[in-house]
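A.B. asks: Give the three-dimensional model of this entry:
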Amino acid sequence: MLQVISGLKGYAIEASDGTIGTVSDFLFDDKSWQMRWVVVDTGGWLTGRKVLIHPSAIGHADHLRQELPVALTKKQVEDSPDIRDDQPVSRQMEYNLYNHYGWDPVWGGSYFGGYPNAIAMPFSAAPVFGGPSVAEAGGLTTAGDPHLRSAAEVTGYHILASDGEIGHIENFLVDDALWDMRYLIIDTRNWWPGEHVLISPYAVKEISWAEHQIHIGEAREQVKASPPWNPLDLIDQDYEKQLHGHYKWPGYGW
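C.D. replies: Model prediction:
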């Protein structure tokens, strides 16, 4: 099922034995467009700590209660590697999290360029005869992962078609099973007032992080001629097929 990502912010994260905190952000891989981490605000429980939950631990959302269940205990989360609010998320930190929870770094795959950035397989045997650890052999550092992006940060980025700007990112649609970014929701108010359009990551040609711009290969008139979309309507497979057929994008397994 496709979910508007901003609608999940504030949802309670429910462990098997109580509430961990609430969703504050999502971190995704800018190469695979797959969700890598859910950022959890733990409130006064683990003050000053950033808790990251891997999508593979998340169960089906309870939209009535605004909750996301996770296959974890509060003790597991409390004992997890410490990640401070003022630190970037590095590949070493991610490696430590995968090891602590036993999560698979290549879980899920992606439609947009294979698996997300695998850190280092956390299931390798311990080093023998004092040899280097997997992390040391892989050269992992404490520098921030350059491919890890905040959904909150990217919201508002300008979208440039091949012949001019069409609008800015207002939101994202995410698949809550595979946890990949299916569509960028574009507000076109300064070009096509009152309209919103969906752009698949398949269309993205270049991302200019310094300029806060995302370049796509389609022309403005092609975007304007795309199947109309109403943000109040649910998206079904028939609409997705029409949309992908219009742009000649590959499908999502259908």
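
A.B. asks: What segments of the protein are helices?
C.D. replies: 74-78, 91-101, 134-137, 151-154, 220-224, 237-247 (DSSP state H).

A.B. asks: check contacts around the closest residue to His100 other than its chain neighbours.
C.D. replies: For His100, ignoring the flanking residues on the chain, the nearest one in space by CB to CB, 6 or more residues apart in numbering is Ser80 at 5.3 Å. Every C-beta, even on glycine, is put in place using the N, C-alpha and C of the backbone. If you count contacts by CB atoms under 8 Å, 6 or more residues apart in numbering, Ser80 has them with Val51, Leu97, His100, Tyr101.

A.B. asks: any chance of the helices of the chain in CSV, plus distance to Asp62 and mean pLDDT?
C.D. replies: Written out in CSV, the entries for these read as follows (distance: least, CB to CB, whole Å; pLDDT from 0 to 100):
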stretch, distance to Asp62, mean pLDDT
helix 74-78, 18, 94
helix 91-101, 22, 88
helix 134-137, 37, 36
helix 151-154, 21, 93
helix 220-224, 36, 96
helix 237-247, 24, 96
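
A.B. asks: what sits against His212?
C.D. replies: Gly156, Tyr157, His158.

A.B. asks: mind running it again at 6 Å?
C.D. replies: Remark: with contacts taken as CB atoms under 6 Å, 6 or more residues apart in numbering, His212 is in contact with Tyr157.

A.B. asks: Okay, it and Asp29: tell me how far apart.
C.D. replies: From His212 over to Asp29 the distance is 19 Å, taken as CB to CB, to the nearest Å.

A.B. asks: go on, Lys224?
C.D. replies: Between Lys224 and Asp29 the distance, using CB to CB, works out to 30 Å.

A.B. asks: Between the two, which is the more surrounded one?
C.D. replies: With neighbours defined as other CB atoms under 10 Å, Lys224 and Asp29 compare such that Asp29 has more, 22 against 14.

A.B. asks: Bridged to that one, which residues?
C.D. replies: With DSSP bridges as the criterion, Asp29 is bridged to Leu148.

A.B. asks: and it, what pLDDT?
C.D. replies: Reading off the per-residue confidence, Asp29 sits at a pLDDT of 88.

A.B. asks: So it sits against Trp37, correct?
C.D. replies: No: the pair Asp29 / Trp37 is not scored as a contact, 9.8 Å apart, by CB atoms under 6 Å.

A.B. asks: who touches both of those two?
C.D. replies: With the criterion set as CB under 6 Å, 6+ apart, the contacts of Asp29 and Trp37 do not overlap.

A.B. asks: one step back: adding distance to Ala203, write the helices of the chain out as CSV.
C.D. replies: Putting those into CSV (distance: least, CB to CB, whole Å) gives the following:
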stretch, distance to Ala203
helix 74-78, 37
helix 91-101, 28
helix 134-137, 36
helix 151-154, 15
helix 220-224, 9
helix 237-247, 7
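
A.B. asks: looking at those helices, which is buried most?
C.D. replies: Highest mean neighbour count among the helices of the chain (mean count of other CB atoms under 10 Å): helix 91-101, with a mean of 20.

A.B. asks: elements contacting that helix?
C.D. replies: Taking 3 or more CB pairs under 6 Å, 6 or more residues apart in numbering; DSSP states H and E as the contact definition, helix 91-101 has no neighbouring helices or strands.

A.B. asks: Quick check: Val23 vs Asp163, distance?
C.D. replies: With distances taken as CB to CB, Val23 is found 38 Å from Asp163.
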